[in-house]
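>>> Coordinates for the following, if possible.
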Amino acid sequence: MRRLKGLWQGRRDYWYFQITFPDGRRVQRSSGAKIYAEARTIFLEAREAALRGDVLEKAKMPTVKEYRSLYLDALKSNGRKLSTQRSAAYSLGNVIRRFGNTPLNALIRDDLNTYKQERLDAGMSPYSINRELRALKGLLNHARKGKLIGELPAGLELLRTDALPEPEPYTFEEQAALISKPLDPRARAYYLLAFAAGLRYQEIAWLRWDDLEAAKDDPDGTILVHVRPKQDGAETWSPKNRQRRVALLDRETWAILEEYQIGLDVKSPWVIPGRHGERFRNPTKFLRQAAQEAGVYRKGKLVHAARHSFGTTMAQIAPLRDVQAMMGHSSPLVTERYLHADVRAQREALRKAGFGKAAQDALRGRDGAQIISLQRR
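You can find the predicted model right below:
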């Protein structure tokens with residue numbers, strides 16, 4: 001049996017269809033069937049009714065919950081990154097708890113404003129609420145392009161937020177605790193790579209052993225860390241801004257990693273492996289537990305703060321351009337955030353400059369008698 005155009009199988013094996021009304025309006029609906037023959041019959045009946053024009057008033061507007069599956073299928077078919085799909089699915093899951101049974105054309109400003117206030121009262125940050133609003137806005141934009149709804153409802157404006165504070169770098173004592181006290185050696189290796197090479201969270205998660213190679217032109221034994229796109233089954237990953245780069249590891253850090261590799265219980269191509277040698281997909285929980293074991297845990301201060309510690313240290317001893325390359329920044333303006341003010345260095349520089357002494361010499365004669373006064377006459 002040849003598959004009809006406008007009928008496709010979506011999430012959880014349900015069949016969906018799209019019908020076009022005489023006025024050009026298109027409606028996508030779920031047939032509610034998992035068997036193609038049943039879905040085909042429902043689709044043909046709906047299409048015939050649409051051609052007669054008697055479905056214009058009877059056609060049911062899909063709810064937010066019903067349209068969520070179609071929207072997530074569209075993200076997948078359009079080649080969006082898996083992380084984008086998961087983020088949209090998670091955010092829309094929270095939205096559905098409030099608006100799941102609401103038709104797409106029934107969302108109004110008052111309901112959306114009430115939803116924002118309820119989330120704020122529940123202790124959610126404006127950043128998390130805005131993430132859910134963006135997911136809902138993307139779903140409604142998709143419905144608008146499919147001519148299911150007209151304009152987007154009012155009230156989708158994002159909450160005003162302040163700039164995110166930079167993570168406070170770890171002290172040397174905290175760094176030593178994080179790479180020595182946690183029980184899980186993978187957590188120690190994770191923090192070590194962030195401290196010693198400035199790698200990002202996902203760059204470490206997708207790091208393979210064959211990405212590490214010795215620099216041929218360096219007698220000190222520096223190790224090159226290649227950050228490049230990879231694929232794990234159906235899942236693909238690209239570096240930030242899709243830019244390949246090469247990070248550096250010193251010989252001592254590489255020696256620690258070699259001992260770590262020998263002591264692993266499983267043989268795996270991944271530097272941070274899972275229980276059975278697969279790539280560790282979500283290490284956030286065990287990284288938090290490791291920070292708690294080390295006694296340095298603070299909310300929001302995990303791997304990125306370790307990377308920030310690397311950037312802060314390098315910014316004090318290396319030129320800004322070199323730090324930019326080591327951190328993988330696309331602009332030196334981003335790297336400048338790691339140039340933290342050092343009050344002691346400022347005082348020493350001010351003392352060496354001797355501006356005050358030069359001014360005193362200019363205001364006094366050679367014999368030390370004051371000949372010019374700065375007081376108002």
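>>> in what helix or strand does the residue nearest the centre of the chain lie?
Geometric centre of the chain, nearest residue: S83, 8.2 Å, by CA atoms, centre = their mean. Assigned by DSSP states H and E, S83 falls within helix 82-99.
>>> Could you pull out the buried residues of that helix?
Within helix 82-99, the residues scored as buried using 16 or more other CB atoms under 10 Å are S87, A88, A89, S91, L92, N94, V95, I96, R98, F99. Glycine gets a C-beta too; all of them are placed from N, C-alpha and C.
>>> Can you give the distance of it from its chain's centre?
Computed by CA atoms, centre = their mean, to the nearest Å, the separation of helix 82-99 from the middle of its chain amounts to 15 Å.
>>> Next: stretch 121-128.
Relative to its parent chain, stretch 121-128 has a centroid offset of 18 Å by CA atoms, centre = their mean.
>>> Ok, stretch 352-363 next?
Computed by CA atoms, centre = their mean, the chain-centroid distance of stretch 352-363 equals 52 Å.
>>> if we can go back for a sec, distance to S30 and pLDDT for the buried residues of helix 82-99 - can I get that in TSV?
Output for those, formatted as TSV (distance: CB to CB, whole Å; pLDDT from 0 to 100):
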residue	distance to S30	pLDDT
S87	24	87
A88	19	90
A89	17	90
S91	21	90
L92	16	91
N94	22	87
V95	19	89
I96	15	89
R98	21	87
F99	18	89
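>>> Pick the one among the residues you listed closest to A194.
S87 (22.6 Å; CB to CB).
>>> ok, now how distant is the closest one from L72?
11 Å (CB to CB, to the nearest Å).
>>> G311 is in what secondary structure piece?
Assigned by DSSP H and E, G311 falls in helix 303-317.
>>> which parts of that helix are buried?
Buried-residue list, helix 303-317, by 16+ other CB under 10 Å: V303, A305, A306, R307, H308, S309, F310, G311, T312, T313, M314, A315.
>>> Stretch 245-265 too?
Buried residues in stretch 245-265, defined by neighbour count with 16+ other CB under 10 Å: R245, A247, L248, L249, T253, W254, L257.
>>> Can you pick out the ones from those that are in strands?
Counted as lying in strands by DSSP state E, out of the buried residues of stretch 245-265, are R245, A247, L248, L249.
>>> could those go into JSON lines alongside pLDDT and distance to W209?
Formatted as JSON lines, these follow (pLDDT from 0 to 100; distance: CB to CB, whole Å):
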{"residue": "R245", "pLDDT": "88", "distance to W209": "18"}
{"residue": "A247", "pLDDT": "90", "distance to W209": "15"}
{"residue": "L248", "pLDDT": "90", "distance to W209": "17"}
{"residue": "L249", "pLDDT": "90", "distance to W209": "13"}
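>>> Would you format the residues you listed as TSV with distance to M327 included?
Formatted as TSV, these follow (distance: CB to CB, whole Å):
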residue	distance to M327
R245	9
A247	9
L248	11
L249	14
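>>> which among those residues gets closest to T236?
When these are compared against T236 (criterion: CB to CB), the nearest one is R245, at 17.9 Å.
>>> Could you list which residues are in contact with that closest one?
The contact partners of R245, by CB atoms under 8 Å, 6 or more residues apart in numbering, come to V227, P239, A325, G328.
>>> For beta bridges, what are the partners of it?
V227 (DSSP bridges).
>>> quick one: A50 from N105, how far?
18 Å.
>>> okay, these two: which has more neighbours?
Higher neighbour count among A50 and N105: A50, with 19 against 14, using other CB atoms under 10 Å.
>>> what's the closest non-adjacent residue to the more buried one?
Nearest residue to A50, sequence neighbours excluded (CB to CB, 6 or more residues apart in numbering): I19, at 4.6 Å.
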